[in-house]
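>>> Pasting a predicted model and its sequence here:
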Amino acid sequence: MLFPKTLNFANSISLKIPKFIKNLFIRGGKVVLVIDSKNVIFVLNFLKNHVSTQFNVLVDLSVIDRFSIKNRFEIYYFLRSTNYNIFISLVTFNDGFLPLSSAIPLYNGANWLEREIWDMFGIFFSNHPDLRRILTDYGFQGFPLRKDFPLSGFIETRYDDETKRVTYDLVELSQEFRFFDFQSPWQNSEFSKI
């Protein structure tokens, strides 16, 4: 059985659950659904169990931190249907304070992926059976991939020659936070007019 074209497939999904889809577009030949964070489990359940979709594999979970907006975290769920050999992406937004529902009841592979997101970004997943650090030390303070976390960390480890032991000191940043101008220096130059 041949699966319908991507556009027809996207339209069929939007007709089946229109009130749960905020936006739908096609990027790189793949369907991307934008949904509200409170509807994640419902949409995942629909996409996994409906006869015309059957997205039975959670391939990956990924996060983008857009520091300058209110709902700064974009959470991407990448799904694959092995029956129809098609991929789909779900996108939801989170402010970092409200928890997301865990996808473990639907996809067992979400366990480690959600733990990694919790450890790196601090996005909490409610109903997760074992949400603890996976990549950083258990006593680690903060979330390393948030853009508000200093690159040097909050604690410095060094060997003290006087006491002959390893000491832990709070890091003192010698400069304040700076704003950078990311505009290309070549845009207004005389070379851009050639």
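On my side now, so go ahead.

>>> any chance you could map the helices in this structure?
6-16, 40-49, 110-121 (DSSP state H).

>>> Where among the ones you listed is average confidence lowest?
Ranked by mean pLDDT, the helices of the chain bottom out at helix 6-16, with a mean of 84.

>>> Please point out which parts of that helix sit buried.
F9, A10, I13 (16 or more other C-beta atoms under 10 Å). To be clear about C-beta, it is placed using only N, CA and C from the backbone, and glycine gets the same treatment.

>>> Next: stretch 66-73.
Buried-residue list, stretch 66-73, by 16+ other C-beta under 10 Å: R72, F73.

>>> what about it, start to end distance?
Using C-alpha to C-alpha, to the nearest Å, one end of stretch 66-73 lies 6 Å from the other.

>>> Give me the contact list for it.
V63, I64, D65, E74, F93, N94, D95, G96, F121, I123, K147, D148 (C-beta atoms under 8 Å, 6 or more residues apart in numbering).

>>> switch the cut-off to 7 Å
V63, D65, E74, F93, N94, D95, G96, F121, I123, K147, D148 (C-beta atoms under 7 Å, 6 or more residues apart in numbering).

>>> So what's the gap between that stretch and the chain middle?
12 Å (C-alpha atoms, centre = their mean, to the nearest Å).

>>> now it: mean pLDDT?
90.

>>> where along this structure do the strands fall?
Ranges of strands within the chain are 21-27, 30-35, 57-65, 73-81, 86-94, 100-101, 125-126, 155-160, 165-170, based on DSSP state E.

>>> Serialize these to JSON lines and add fields for distance to N45.
Below are the strands of the chain laid out as JSON lines (distance: least, C-beta to C-beta, whole Å):
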{"stretch": "strand 21-27", "distance to N45": "14"}
{"stretch": "strand 30-35", "distance to N45": "12"}
{"stretch": "strand 57-65", "distance to N45": "12"}
{"stretch": "strand 73-81", "distance to N45": "12"}
{"stretch": "strand 86-94", "distance to N45": "12"}
{"stretch": "strand 100-101", "distance to N45": "11"}
{"stretch": "strand 125-126", "distance to N45": "16"}
{"stretch": "strand 155-160", "distance to N45": "42"}
{"stretch": "strand 165-170", "distance to N45": "46"}
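
>>> which one of those has the lowest average pLDDT?
The minimum mean pLDDT among the strands of the chain belongs to strand 155-160 (a mean of 84).

>>> From K48, how far off is P105?
Computed as C-beta to C-beta, to the nearest Å, the P105 to K48 distance reads 10 Å.

>>> quick one: which of these two has more around it?
It is K48, of P105 and K48, that has more neighbours when counted by other C-beta atoms under 10 Å, with 18 against 13.
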